[in-house]
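[1] what would the 3D arrangement of this be:
(3 chains)
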Amino acid sequence: MSKKKNLSVGVDLGTSNLLIYVEGQGTLFNEPSVIAIDKESQKIISVGYEAAALAGKTHDKVEVIHPLHGGVITDTQRVKQFLLFVLDKILLSRIGSVTRLLICIPSEITETEKSAILELGSDLGIKNTVLNEEIKAAAVGSGVDIFVPNGHMVIDIGGGTADFGILSLGAVVLSKSLKVAGNFFDKQIIDHVKAVHKLEIGLQTAEAAKIKLASLTGPLPVDDGGATLTYTAMGRDVISGLPKQAVIEAQEIRTILLYCFESIKSVLLATLEATPPELAGDIVDNGILLSGGCSQIRGISEYFEAIAQVPVTLSAVPMTAVVDGCKKLIKLNGKHFLGELK
Amino acid sequence: METGKESEKLGLGIDLGTANLLVFLEKKGIIFNEPSVIAFDRESGKVIAAGRDAYKMVGKVHSKISIIKPLKDGGISDLHAAKALLTYVLKKVEDLTEKSLGRSTTVICCPSEVTKIEQDVMIDLAREMNMSDVFIEEEIKAGALGAGVDIFQSKGVMIVDIGGGTTDVGVISFGDIVLSRSIRMAGTYMTNEITKLIKKTRNVEIGELTAERCKIELANLNPNAETVIEKFAGRDMVKGVPKWVDISSEEVRKVLEPVFEEVVKLIAAVLKDTSPELSADIFRNGILVTGGGALTTGIEGFIKERIQVPVTVISNPLTCVAEGLKYLLKNRGDYRVNSMQM
Amino acid sequence: MNLKMAKPKMDMLKMGKPETSVLAKTGKPKVQPRNIGIDLGTANLLVYLEGDGIVFDEPEVIAFDYETHEVIAIGNSAVDMIGRGHSGIKIVSPLTQGVISDMDSAKKLIEHALRRVEKDSINLKASTILICCPSEVTNLERDSLIGLAETLGVKDVLIEEEVKAGSIGAGLDIYSCTGSMVVDIGGGSTDIGVLALGDIVVSESIRTAGNYIDLAIIKYMQHEYELLIGKRTAERIKIEIGTLREEIKDEKTTAVSGRDVVTGLPKKLIITESEIRDVLLEPYETITNTIRKVLQNTPAELSADIITKGVTINGGGALTDGIEEYFTKHVGLDFHVAKNPLTAIVEGTKILLKNRGSYYIKPTEIE
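    Modelled structure (predicted):
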């Protein structure tokens, strides 16, 4: 393999998952944003799936950290460590040949956090570091032409945050972010199961229940026979502490989700209210694009359509929209406001 | 008077009429016969137009143009403008420079009954133009000569000259004026009366040129004449918008009659002071009417009815004064020299 | 109310500055001075270049990259950005209500407009530029126009009133002694003038014009439908269904998109011709009153000319449906729309460049 100079690298610092794309080589990393650290040496032992699997199952000597918890960078040192580790692994010490780094960041991020991330790039020895809002990358990755004087709205509900963005002329006009998303739903499910079924379950179980049963509107999900779906959750009895299982109904999940989505609804309306009228007019025709993992929830388009009164479309690539967008944005050298991407 | 040198000198006759300026050049005839109006460029002071071209601008100029009528009530009211007008005319028409004017003999006409000061102003004008040899004569004398009357006979002739600024009435015999009187009611006054009438009865303001045109087209002193109605345009004084008004010859007659009554009064006054011998001549030969006012339809009948003397409007009322200057140049106004027989 | 013509001053450019012939292309042998005429309208910029005709006729808008100040787009491509921009883009309309509010942007806009002419490069230093301004600009505002020419590198500057250029461009012989009257309804101002003998006799300028009407439409949508719309949408409505007709047959409608004031949600509605007609009535009443005011100050002799010749309507507003009938009825004179209401001003500059705006040199005498 010839040593490729002038590599461009795109990074989606997702709360749930870290994705890294290398120009010409594709997405070389797509695993949970989790690291496992040896407490004594403070060195990373494992990352990604491996580290995630250790959550809730390790001893004291190992600490499992989510450095991108809640959509913002809580510990820049850890994030740096994480990235370096991963880049090393995938680029095999060719970090020196990386000349452009494009990092996708959440929308509501402070200036301090922004500078910290930019520093990351320089710390890694990469000359050209550019930040882009995730919501912009999600739009581009989903095939929306944002490089025109025509407004588009994107809602990206991932693991840590729900992001709302209005885009036009190649950039974000306004955006809002809410820390109510996949992880929050999981936690709500845990609380509910505890309270109602008197069963303590883990995050992965909650997530599995969510994925199988989640719906917001329309008929409840059914199996082949026509019976409403259920999920048998396994956990620990709240009082006795002994292993137990409980059957969770689809309706319960719906109720939980509807409750969670109330705040998402408020922020959506707040975003629309703040949209300049000319762009609001465009959105009437263009509609809203839904992306992110939670866009898979059944009936979510109809739910948002009823609230916003505009057509809602689902991204064709909800899980990889951001990194797909990175691919395209990496090709742009400098700012672009008008004209299509090549 | 040196007859030899005279033939080398330029003979110039100027009828400084309030309404029209006529210039007579010996051996050439009337070289200029246009309204006494001059237009200057306000900033540079240059002459833009004079005569007919300047007359057309009256009531229509913007602030960059200044329009001046240097003659008023028969006399010079603006010496600078009068000089500019005359200079312009002489230069443009005959290319007469100051040098050539220095070799000229000039006769300037004035109304009867001008003050010494007014006469002095005329001499000043001539001096400023480098005219070395200047003398002043009364218009009616020139007018009579121009009408073809042999004034050098010992036969009384009465001339009524209804001009723009003044109406002059005089008796001429044996080559000179026996007596003459003048009033400042004439063409301009009549035009103003028409403007006032329209303002009062229609609340419409008409421009000077329009009023003049109305006077010329509709004036008819004959009470039995068929009424003619014509449309003229002006400005509604209340609403400010342009408006058409119908003016009848009847109204115009009613407005003009008082003015002509004054003329008749003037004729009567002169007749009263005329010696019986001359009165007899006038009674026999009648009154000659000249000047612009002589063109008023029905004027012969009007005067005849009131004075009971034959009245004749001469054939060339507008140019007789200028034409008469020819003879005055020949005899320098000396009654002993019958220039008509030269 | 009349302006003094700017006299070209030859020592204005600082000596020692390198030759800033903006468009001098290296290697090209031909660099010629040209006559340039500019209609610096609030809504549209038109540029006339001698020998090429009208080389630019697009909205007076320029878009910059906020950080680098590079020009991203001008004219048609920039105008759609209005109301749709973000913090990385600075969208500027350098003229507000007929006067330059952003000199640098105005300069860059004109430069880029001139750049579009691919052919010979222009020797700006030796060229003559004629810029039109609304009536009733202050000396300061007029000086800023001269300043604009200076920054472009042109020494010989002429300033003329739009009303004068517009009437010449509309084909009126303003050099005769028969008066002409023009009503120019532009973007930032409506100029009304009576002209004769090559210059303006009476004139008046008011801010009730295209932009004012757009704002009136925005206000109407807000009050009547509780819908917030953008300027571009308001303008589109005005152009599509704006009318002044009293009787409307086969009522036209159009869709309007914006944001509901109460719910905050995007909303689309249908509105009718007669509604917009009613919105237009108030500003046009103001214009009518100003026309009457000018007529009131017009010398009677010229009033007589105007009643015979009628009044010419110029500017974008002239394209409003039913405008001739409207004014004819409310003012009581014959009104006609010029053949070329949008380009009349810049076409007039062509002629004024020939006689340098002098009122007593008829341009035809110079050919």
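[2] longest helix in chain A, please.
    helix A:250-273 (DSSP state H).
[3] report the angle between the very next helix or strand once past it and helix A:250-273.
    Per DSSP states H and E, the first helix or strand lying C-terminal to helix A:250-273 is helix A:277-286. For helix A:277-286 against helix A:250-273, the angle by axes from the mean of the first three to the mean of the last three Cα atoms, to 10 degrees is 140 degrees.
[4] can you pull the buried residues of helix A:277-286?
    A:Pro277, A:Glu278, A:Leu279, A:Ala280, A:Gly281, A:Asp282, A:Ile283, A:Val284, A:Asn286 (16 or more other Cβ atoms under 10 Å in any protein chain shown). For glycine as for every other residue, the C-beta is placed from the backbone atoms N, C-alpha and C.
[5] repeat that for stretch B:55-72.
    Residues of stretch B:55-72 classed as buried: B:55-62, B:64-65, B:67-71 (neighbour count, 16+ other Cβ under 10 Å).
[6] first-to-last residue distance for it?
    Taking Cα to Cα, to the nearest Å, stretch B:55-72 runs 15 Å from one end to the other.
[7] let me see the contact set for residue 217.
    All of this is about chain A. For A:Thr217, the contact set (Cβ atoms under 8 Å, 6 or more residues apart in numbering or on different chains) comprises A:Gly299, A:Ile300, A:Glu302, A:Tyr303, A:Ala306.
[8] that's the other chain; I wanted chain B
    With Cβ under 8 Å, 6+ apart, B:Glu217 has these contacts: B:Glu230.
[9] shaky segments in the chain?
    Using chain A. Chain A contains residues with pLDDT under 70 at A:1-5, A:70-74, A:92-94, A:333-335, A:340-342.
[10] chain C is the one I meant
    Ranges of chain C meeting pLDDT under 70: C:1-30, C:118-120, C:362-367.
[11] that older thread, now, which of the buried residues of stretch B:55-72 sits nearest C:Ala216?
    Of all the buried residues of stretch B:55-72, C:Ala216 sits closest to B:His62, with 33.9 Å by Cβ to Cβ.
[12] how near is that closest one to chain C?
    4 Å (Cβ to the nearest Cβ, to the nearest Å).
[13] list the beta-bridge partners for C:Ser180.
    Counting by DSSP bridges, C:Ser180 is bridged to C:Leu195.
[14] pipe the buried residues of helix A:277-286 into a markdown table and attach distance to chain C per row.
    Shown next, in a markdown table, are these (distance: Cβ to the nearest Cβ, whole Å):
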| residue | distance to chain C |
| --- | --- |
| A:Pro277 | 4 |
| A:Glu278 | 3 |
| A:Leu279 | 5 |
| A:Ala280 | 4 |
| A:Gly281 | 3 |
| A:Asp282 | 7 |
| A:Ile283 | 5 |
| A:Val284 | 4 |
| A:Asn286 | 9 |
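[15] filter the residues you listed to keep only those in contact with chain B.
    Among these, no residue is within reach of chain B (Cβ under 8 Å from any Cβ of the partner chain).
[16] what does chain C put close to chain A?
    Counting by Cβ under 8 Å from any Cβ, chain C sits next to chain A at C:63, C:65, C:72-73, C:77, C:80-89, C:228-233, C:256-259, C:263-268.
[17] can you flag the buried ones in those?
    Using 16+ other Cβ under 10 Å, the buried ones in the residues of chain C next to chain A are C:63, C:72-73, C:77, C:80-86, C:88-89, C:228-233, C:256-259, C:264-267.
[18] state the distance from C:Ile276 to B:Gly165.
    60 Å (Cβ to Cβ, to the nearest Å).
[19] count the residues that sit near B:Asn192.
    14 (other Cβ atoms under 10 Å in any protein chain shown).
[20] distance from the centroid: which residue in the chain tops it?
    In the absence of a named chain, this looks at chain A. A:Ser240 (36.7 Å; Cα atoms, centre = their mean).
[21] I was thinking of chain B, sorry if that wasn't clear
    B:Lys239 (37.5 Å).
[22] pLDDT value on that residue, please?
    B:Lys239 is assigned a pLDDT of 86 by the prediction.
[23] show the contacting residues for it.
    C:Arg292, C:Gln296.
[24] so what does the helix or strand harbouring A:Lys89 touch, helix or strand wise?
    According to DSSP H and E, A:Lys89 maps onto helix A:76-91. Helix A:76-91 sits against strand A:7-13, strand A:17-22, strand A:26-32, strand A:35-38, strand A:43-47, helix A:111-123, with contacts defined as 3 or more Cβ pairs under 8 Å, 6 or more residues apart in numbering or on different chains; DSSP states H and E.
[25] in JSON lines, list those along with distance to chain B.
    JSON lines is the format used below for the helices and strands packed on helix A:76-91 (distance: least, Cβ to the nearest Cβ, whole Å):
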{"stretch": "strand A:7-13", "distance to chain B": "68"}
{"stretch": "strand A:17-22", "distance to chain B": "72"}
{"stretch": "strand A:26-32", "distance to chain B": "76"}
{"stretch": "strand A:35-38", "distance to chain B": "84"}
{"stretch": "strand A:43-47", "distance to chain B": "85"}
{"stretch": "helix A:111-123", "distance to chain B": "60"}
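[26] perfect, I'm done here.
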